[in-house]
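Colleague: for reference, the sequence and a predicted model appear below.
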Amino acid sequence: MANLTIEYKLNVFLVMLLVALPAIALILDEPFYITLATKVVILALAGVGLNLALGLGGLISFGHAAFFGIGGYVAGILASHSLNAELMFTLAEIEFQGSTNMLVIWPLALLVSALVALIIGYFSLRTKGVYFIMITLAFAQMIYYFAIAWPAYGGEDGLSIYVRNQFMGLNTLDPINFYGICFGLLMATLFLLSRLKNSHFGAALQAARQNEQRLAAVGIRPFGIKLTAFVISAMITALAGALFADLNRFVSPDMFSWHTSGEIMIFVILGGVGRLFGPVVGAGLFIVFEYYLGGLTEHWALFLGLVLLAVVLFARGGLVGLIAGEVKHD
Amino acid sequence: MTDCILKITHLQKSFGVLKASDDLSLDLRAGEIHAVIGPNGAGKSTLIKQICGELAPDSGSIEFLGQDVTSLDVASRARLGLGRTFQVSSLAMEYSALRNVMLAVQSVQGSSFRFFKSLAADQPLRDTAMDCLVEVGLELRADVCAAQLSHGERRQLEIAVVLALQPKAFLLDEPMAGMGAEGSKKLTDFLDKLRQRAPILMVEHDMDAVFSLADRISVLVYGKIIMTGTVDQVRSDARVREAYLGEE
């Protein structure tokens, strides 16, 4: 631990910044900043999910909105059934109830997104490059139009969650509590991802990005590695979606739209593709732009576009790469 | 039967009207180096690709260690023990030399679905990989990124990776390509020793290497094996001269 890398120091700084944000918000007497910070953390989590597929595996998924939306709708649907005190469905004489418990919602969001990712991945991972981008986009759009056309859960209007879902007796409507839950999940996910990145699986996944032929030639089937990564990636993004639903207490088909996929991808590219904290930086910058420039002009996205352009042209490793230099494998 | 490690029978592969493999039969026996030579466009690369599983033959079969592998994919054949090197080095370019070999070691261990344990801290795995680098004389370059290795070093690295797979047969696609005189000489000596570990099927252009190494040579012309024989038989065969040696 003697000579810590710049990236390590940057990561520590970012964690401390995230810890300090609620305090800063209170000192500045701007409680709304806590909500903004929560949004950053949740969107960062969605980006962390995509970063696993895109950054480590080189899988340019333009359909991660599907998983973000699934997470959101699982939360929304379970909560609405529970709040209306009606059964969800009956299967083999077992009655399935809704729930407002996050500890029920999250596992279900993970499960559903994993199943959907398995199906989407199974087909789309047979293609490469621009075809993979298009087929993941197509799957996500299919789900988007399905959500719009599904009147049981609000259709185009979306679905409101009247009270934020419950987590272990905390008052989740208190912004600091809810921020703490989201922050905790982000940290736990980042920790697991950092382990995964340096694990045997991580080595195989990153080799799949560099040279699939090589991976197959040593006897590791790239398809299985990539599909596994795609599924885990989807689950992380779905978890973020469930939190996002609770943050807004509202889900809408917009969560499934290709704009959302694009935004998640922007977090990753802005921050640094394949960098552990890249999506955190990317989502942070995105929200800062949206909030501050959005307050000045409705054309804030133009400035974001210029920044994105500059990053892609001059800093291929994103902002983290700009600060911490290129990735080194040992 | 047990003596025969790899057995290719009646392989057919056409690209349109071009017959790249035309009723091609060939075998590899324990302990030997079997070289396949032939002029450009004879179908040597197509043959290699079919053996390792990158291309499916139109008909015919490939048996490896007594098992029909014709319908298996590349990874499955590699796991059975078919160790292949590429004509143009195919490595994980961002990884160090050591990491490239470690990938092969973890494949042999079957540990690619470990998600939590650190690979870098897996000392036995590192040691095994390092031994393979030592064997090809690349240990001092272990930490150098594959993209920064010289052409010759990449070839050495490819062989180190294959050694780590502990293959039952080596499948070498033009191992001498671009090696230079001294490099070729070293590699020839190395391959000469390598045959004690597992038999070698190689496709090669370098006639000096082929004639000094091969126990048997098959001559491939327009997708057909026109003869298989010892070095002397091949050297003295009129058809071979006409088809191949005459052109060089």
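Modeller: Thanks, I have the structure now.
Colleague: now do the buried residues in the helix-or-strand element of chain B with minimal mean pLDDT.
Modeller: Lowest on mean pLDDT, DSSP states H and E among the helices and strands of chain B sits helix B:238-243, with a mean of 79. Applying a neighbour-count criterion of 16 or more other Cβ atoms under 10 Å in any protein chain shown, one finds B:240, B:243 buried in helix B:238-243. Every residue, glycine included, has its C-beta placed from N, CA and C.
Colleague: just the CA coordinates for it, please, in PDB.
Modeller: Extracted C-alpha coordinates of helix B:238-243, given in PDB (Å, rounded to 0.1, in the frame of the first residue of the first chain):
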ATOM      1  CA  ALA B 238       8.700 -35.500 -59.000                       C
ATOM      2  CA  ARG B 239       5.100 -34.300 -58.400                       C
ATOM      3  CA  VAL B 240       6.200 -32.400 -55.400                       C
ATOM      4  CA  ARG B 241       9.000 -30.700 -57.300                       C
ATOM      5  CA  GLU B 242       6.700 -29.700 -60.000                       C
ATOM      6  CA  ALA B 243       3.900 -28.500 -57.700                       C
END
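Colleague: hmm, who's touching that helix?
Modeller: B:38, B:39, B:219, B:221, B:226, B:227, B:234 (Cβ atoms under 8 Å, 6 or more residues apart in numbering or on different chains).
Colleague: surely the third one is in contact with residue B:225?
Modeller: Yes: using Cβ atoms under 8 Å, residue B:219 and residue B:225 qualify as a contacting pair, with a distance of 6.8 Å.
Colleague: where does the stretch 101-250 of chain A come near chain B, residue by residue?
Modeller: Contacts of the stretch 101-250 of chain A with chain B, taken as Cβ under 8 Å from any Cβ of the partner chain, map to A:192, A:195-196, A:198-204, A:206-207, A:210-211, A:213-222, A:225, A:228.
Colleague: switch to 10 Å and redo it
Modeller: A:192-225, A:228, A:232 (Cβ under 10 Å from any Cβ of the partner chain).
Colleague: now, the residues you listed that are in helices?
Modeller: A:192-197, A:200-210, A:212-217, A:222-225, A:228, A:232 (DSSP state H).
Colleague: can you pull out the low-pLDDT segments for chain B?
Modeller: Residues of chain B meeting the criterion pLDDT under 70: B:1-2, B:244-248.
Colleague: could you chop it up by domain?
Modeller: Domain assignment for chain B by automatic domain parsing gives B:1-81+B:170-227, B:90-166.
Colleague: just the helices in the chain please.
Modeller: Since you didn't name a chain, this refers to chain A. Going by DSSP H, chain A shows helices at A:6-27, A:32-51, A:65-83, A:102-124, A:129-148, A:175-197, A:200-210, A:212-217, A:222-248, A:258-271, A:278-288, A:294-296, A:300-314, A:318-324.
Colleague: try chain B instead
Modeller: Under DSSP H, chain B gives helices at B:44-52, B:74-80, B:97-109, B:123-136, B:151-164, B:180-194, B:207-213, B:231-236, B:238-243.
Colleague: so which elements touch the fifth one?
Modeller: Spelled out, it's helix B:151-164. Applying 3 or more Cβ pairs under 10 Å, 6 or more residues apart in numbering or on different chains; DSSP states H and E, one finds that helix B:151-164 contacts helix A:212-217, strand B:82-85, helix B:97-109, helix B:123-136, strand B:169-173, helix B:180-194.
Colleague: send the alpha carbons of it over as CSV?
Modeller: Only the C-alpha atoms of helix B:151-164 are listed here, as CSV (Å, rounded to 0.1, in the frame of the first residue of the first chain):
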residue,chain,number,x,y,z
HIS,B,151,7.3,-10.0,-33.3
GLY,B,152,9.6,-12.8,-32.3
GLU,B,153,8.8,-12.5,-28.6
ARG,B,154,5.1,-12.7,-29.4
ARG,B,155,5.7,-16.0,-31.2
GLN,B,156,7.5,-17.2,-28.1
LEU,B,157,4.7,-16.0,-25.9
GLU,B,158,2.2,-17.9,-28.1
ILE,B,159,4.2,-21.1,-27.5
ALA,B,160,4.3,-20.4,-23.8
VAL,B,161,0.5,-20.1,-23.8
VAL,B,162,0.2,-23.3,-25.6
LEU,B,163,2.6,-25.1,-23.2
ALA,B,164,0.4,-23.9,-20.3
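Colleague: got the buried residues for stretch B:55-66?
Modeller: Neighbour-count burial for stretch B:55-66 [16+ other Cβ under 10 Å]: B:55, B:57, B:60, B:62, B:63, B:64.
Colleague: if we can go back for a sec, can you put the contacts of helix B:238-243 in CSV and add distance to chain A and neighbour count?
Modeller: What follows is the contacts of helix B:238-243, written out as CSV (distance: Cβ to the nearest Cβ, whole Å; neighbours: other Cβ atoms under 10 Å in any protein chain shown):
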residue, distance to chain A, neighbour count
B:38, 23, 23
B:39, 26, 17
B:219, 27, 23
B:221, 28, 20
B:226, 30, 17
B:227, 30, 16
B:234, 30, 24
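Colleague: spit out the contact partners of the residue in the stretch 51-200 of chain A positioned nearest to chain B.
Modeller: Going by Cβ to the nearest Cβ, chain B is nearest to residue A:200 of the stretch 51-200 of chain A, at 4.3 Å. Counting by Cβ atoms under 10 Å, 6 or more residues apart in numbering or on different chains, residue A:200 makes contact with A:220, B:102-103, B:105-107, B:109-119, B:122, B:125.
Colleague: what's the PyMOL line that selects buried ones from those residues?
Modeller: This is how PyMOL selects the buried members of the contacts of residue A:200, with burial counted by 16+ other Cβ under 10 Å:
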select buried, (chain A and resi 220) or (chain B and resi 102+103+105+106+107+111+112+114+115+119+122+125)
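Colleague: what distance do you get for the residue nearest to residue B:114 when sequence neighbours are not counted to residue A:290?
Modeller: Excluding its sequence neighbours, the residue lying closest to residue B:114 (Cβ to Cβ, 6 or more residues apart in numbering or on different chains) is residue A:200, at 4.3 Å. For residue A:200, the distance to residue A:290 (Cβ to Cβ, to the nearest Å) stands at 39 Å.
Colleague: then residue A:4?
Modeller: According to Cβ to Cβ, residue A:4 stands 33 Å off from residue A:290.
Colleague: okay, those two: which has more neighbours?
Modeller: Set side by side, residue A:4 and residue A:290 show more neighbours around residue A:290, with 16 against 10, by other Cβ atoms under 10 Å in any protein chain shown.
Colleague: looking at the domains of chain B, which is nearest to residue A:37?
Modeller: domain B:90-166 (29.6 Å; Cβ to Cβ).
Colleague: can you tell me which residues contact residue A:110?
Modeller: Residue A:110 sits next to A:67, A:70, A:71, A:74, A:231, A:232, A:234, A:235, A:236, A:238, A:239, A:242 when contact means Cβ under 10 Å, 6+ apart.
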